[in-house]
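**Student:** This is the structure alone, sequence omitted:
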């Protein structure tokens, strides 16, 4: 009798253990991938690469679609996503504004109003000008801004975001006031780049993928990159800000998040899908072609990353006088 009771107990334990290890949730309708910026921007490209792999590699059993919801530094997209709180059929491409928006007072919303699912790339910031710009180096430009903030206007897509941080750090290095930088806010990085090419602003600060094509075509000149070291391939000759005497490194990291209130089973499902996707040669090639830095953290690790970024960015933005 005792033997039968013991076997039954062991069977129950095994079943519970197996159930805990197996995701109990799967999407049963189309998945919507929400981009919190305009089409063609730094977040739009990886979202569309993701959607393509979901379908071509059959990573999902259901259809998927990309939806652009730009506005208010990503707040419009986050609010749209959270109209479906707790629903794993909605995921978003987020970036560092997930942390910086609350710190700078742009929005009361932050990473705590989402379910972080995967950190998938680091995307460094670049300063670009049109080919005939009088500014020959990033140091020339930043020194001018530090001396007379109103003498040069810059285009960015997020006040207090990582482009603003990169520029602010550089200006502070030159004893300027980051709060006085003359800026124009655009809906996306490509819009800021177009404005710089047309002479509507003197320079633009955006992520690398938004400028590669124009730089190769000679339509833009790269003054400096806010990366730890020089990038590869087409941008190998572009100097970093650090090389030019400015202590400024800034990444507009890319993260996949879901709406607030997602269950552990839903997060576990996306851990499986996204963990497979980032290891595919096609995904790694897309990251490499965009000159981004490959990285992957699962949902648990991504939450810890956001928590640490919140601490770091709170300190940095306060030092730059950009915190509220």
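**Tutor:** Received the coordinates, thanks. Remember, it's a predicted structure, so these values are computed and weren't measured experimentally.
**Student:** For the protein, which segments are assigned as helices?
**Tutor:** Under the criterion DSSP state H, the chain carries helices at the ranges 2-21, 44-56, 75-81, 97-104, 138-147, 162-173, 189-197, 212-216, 264-277, 281-289, 299-319.
**Student:** how's this structure carved up into domains?
**Tutor:** Per the record, the chain has its domains at 31-122+253-319, 125-235, by automatic domain parsing.
**Student:** Dump those domains into TSV; add distance to residue 247 as well.
**Tutor:** The C-beta positions use only the backbone N, C-alpha and C, and glycine is treated the same way. Conversion of the domains of the chain to TSV gives the following (distance: least, CB to CB, whole Å):
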stretch	distance to residue 247
domain 31-122+253-319	11
domain 125-235	5
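**Student:** Take the ones you listed and lay them out in TSV including distance to residue 243 and mean pLDDT.
**Tutor:** Supplementary listing: the domains of the chain in TSV, determined by distance: least, CB to CB, whole Å; pLDDT from 0 to 100:
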stretch	distance to residue 243	mean pLDDT
domain 31-122+253-319	17	94
domain 125-235	8	93
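**Student:** So which of those is nearest residue 244?
**Tutor:** Distances from residue 244 to each of these were compared by CB to CB, and the smallest falls on domain 125-235, at 4.3 Å.
**Student:** where does the closest one sit relative to the chain's centre, distance-wise?
**Tutor:** Between the mean C-alpha point of domain 125-235 and the mean C-alpha point of its chain there is a distance of 18 Å (CA atoms, centre = their mean, to the nearest Å).
**Student:** Going forward, count from 6.
**Tutor:** Yep, numbering from 6; the last one is domain 130-240 now.
**Student:** how long is it end to end?
**Tutor:** With CA to CA, to the nearest Å as the measure, the ends of domain 130-240 fall 12 Å from one another.
**Student:** Likewise for stretch 275-290?
**Tutor:** The first residue of stretch 275-290 is 21 Å away from its last residue (CA to CA).
**Student:** try stretch 210-225
**Tutor:** One end of stretch 210-225 to the other measures 12 Å (CA to CA).
**Student:** next one: stretch 144-162
**Tutor:** Using CA to CA, one end of stretch 144-162 lies 22 Å from the other.
**Student:** which of the residues in that stretch are buried?
**Tutor:** By neighbour count with 16 or more other CB atoms under 10 Å, stretch 144-162 contains the buried residues 144, 146-151, 154, 157-162.
**Student:** rewinding a little: looking at the helices of the chain, which is nearest to residue 254?
**Tutor:** helix 167-178 (7.8 Å).
**Student:** Show residues contacting the closest one.
**Tutor:** With contacts defined as CB atoms under 8 Å, 6 or more residues apart in numbering, helix 167-178 is touched by 100-101, 105, 130, 132, 143, 147, 150-151, 159, 161-163, 182-183, 186, 188, 210-212, 229, 231, 246, 250-257, 318, 321-322, 324-325, 327.
**Student:** mind listing which of those residues are in strands?
**Tutor:** The members of the contacts of helix 167-178 that map onto strands under DSSP state E are 130, 132, 159, 161, 188, 210-212, 229.
**Student:** what's the spacing between the nearest residue to residue 283 once chain neighbours are set aside and residue 99?
**Tutor:** Using CB to CB, 6 or more residues apart in numbering and skipping the chain neighbours, the partner closest in space to residue 283 is residue 301 (4.6 Å). Residue 301 is 15 Å from residue 99, where distance means CB to CB, to the nearest Å.
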